[in-house]
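Enquirer: sequence unavailable; structure follows:
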């Protein structure tokens, strides 16, 4: 995902407010429901999903972020899914960029420790709905974990921690923000400790292990802490890998999918005259969510999330087919982070794969859990094995199993990296 930092924090009342947003006072109640947009293919997931029933219980105001606020701005529905009975749950909310319709999910993982307390990884917005779902687990929150420097995961740690004042907060090392480098205390975060590589002294060390990546990529380091939950054989990451589902997450609003399927300004700019040609029978300005509209809207969203400027936004069929339902490294991180310091990145991945015998991966976005082991993770990062280019030679493309992003989709990111290298913002 794209990482955005804070501004506008220098207010006298920053401690209870900055970086947290506000819950909106209750105005009205609406009909209770679990998201009715879950498709037949998602029905197996929906059986494990719990949600409270009012729109107002998901009210939460957040207008912070740079250069655009992190949305949704006022409403964040929460769903909860049980990954391992009585042991591990994921809590998900929608996440979008500012005022756009481009939306995916953001995920918090909750693990019940042997002590009976809860270990919370990458907190999401503490709406009334979210807190009610957490309360149903009938266990105290003992530890709150910030596994990255990224704004989208940092922003809710402070307000979440204030709801559980007895919980201890641990953060990834070398925290920073941009364009103003602010201490985490100005985000309302007051850490008990800092996460260290292979730390055997953490209160959860017997159950959860951790490995830290600090990669100096330019204006600031990329920081991510991976965790291994021994009991469930689960690898927890934040943004390192993803798997984009063929269907949109149930939290993506119908209206956003319809808007994304329309022939909008960006489609017209990128496609030119072709923008006037319908795709797969979808009208240029659809007003109803049909299966074809859902499909087109989600595919466009996914490619914009991954590439920002994909090669063909008008008809994303080819580009989407190349990345869907497989374990991949997101192209932004692959291009701007992992390929920038390949030796260090490879060392981190090798350490994870040689030390932990995981059978599933839970990232902070898109599909989870992903059925995958060390071999699959190594394959996703195979671009680190001596071939730094995206496409490589014709020989590599024809005979190697290494995944490559479509040339037309990665082209804009490659150009963006070259520009950032030229101005000194990113390492070559």
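Expert: Structure's in. What do you need? Quantities reported herein were computed from a predicted structural model and do not represent experimental measurements.
Enquirer: okay, strands next: where are they in this protein?
Expert: Remark: strands assigned in the chain by DSSP state E are 49-50, 70-71, 79-84, 88-97, 103-112, 118-121, 141-146, 168-171, 193-194, 208-216, 221-229, 234-236, 360-362, 370-371.
Enquirer: for the ones you listed, which one sits closest to residue 185?
Expert: Ranking these by distance to residue 185, with CB to CB as the measure, places strand 168-171 first at 10.9 Å. No exception for glycine: its C-beta is placed from N, CA and C like everyone else's.
Enquirer: list the strands paired with the closest one, with their directions.
Expert: strand 141-146 (parallel), strand 193-194 (parallel) (DSSP bridges).
Enquirer: make CSV out of the strands of the chain and add mean neighbour count.
Expert: Shown next, in CSV, are the strands of the chain (neighbours: other CB atoms under 10 Å):
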stretch, mean neighbour count
strand 49-50, 16
strand 70-71, 22
strand 79-84, 19
strand 88-97, 23
strand 103-112, 24
strand 118-121, 24
strand 141-146, 25
strand 168-171, 21
strand 193-194, 14
strand 208-216, 19
strand 221-229, 22
strand 234-236, 27
strand 360-362, 22
strand 370-371, 16
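Enquirer: just to revisit the earlier point, take the strands paired with strand 168-171 and write them to CSV, including mean pLDDT and distance to residue 72.
Expert: Conversion of the strands paired with strand 168-171 to CSV gives the following (pLDDT from 0 to 100; distance: least, CB to CB, whole Å):
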stretch, mean pLDDT, distance to residue 72
strand 141-146, 98, 22
strand 193-194, 98, 31
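Enquirer: can you redo the ones you listed as JSON lines with distance to residue 216?
Expert: Converted to JSON lines, these look like this (distance: least, CB to CB, whole Å):
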{"stretch": "strand 141-146", "distance to residue 216": "20"}
{"stretch": "strand 193-194", "distance to residue 216": "18"}
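Enquirer: residue 135 is nearest to which of those?
Expert: strand 141-146 (9.9 Å).
Enquirer: pLDDT weak spots in this structure?
Expert: 1-56, 65-68, 386-401 (pLDDT under 70).
Enquirer: quick check: the residue nearest in space to the middle of it vs residue 272, distance?
Expert: Closest residue to the average C-alpha location of the chain: residue 365 at 3.5 Å, with CA atoms, centre = their mean. Residue 365 sits 31 Å away from residue 272, taking CB to CB, to the nearest Å as the criterion.
Enquirer: returning to what we had before: between the strands paired with strand 168-171, which gets nearest to residue 171?
Expert: Using CB to CB, these put strand 141-146 closest to residue 171, at 4.2 Å.
Enquirer: what angle sits between that closest one and strand 208-216?
Expert: Between strand 141-146 and strand 208-216, the angle comes out at 20 degrees (axes from the mean of the first three to the mean of the last three CA atoms, to 10 degrees).
Enquirer: all numbers from here: first residue = 520
Expert: Happy to do that; since the first residue is 520 now, the last one works out to strand 660-665.
Enquirer: right, I'll leave it there.
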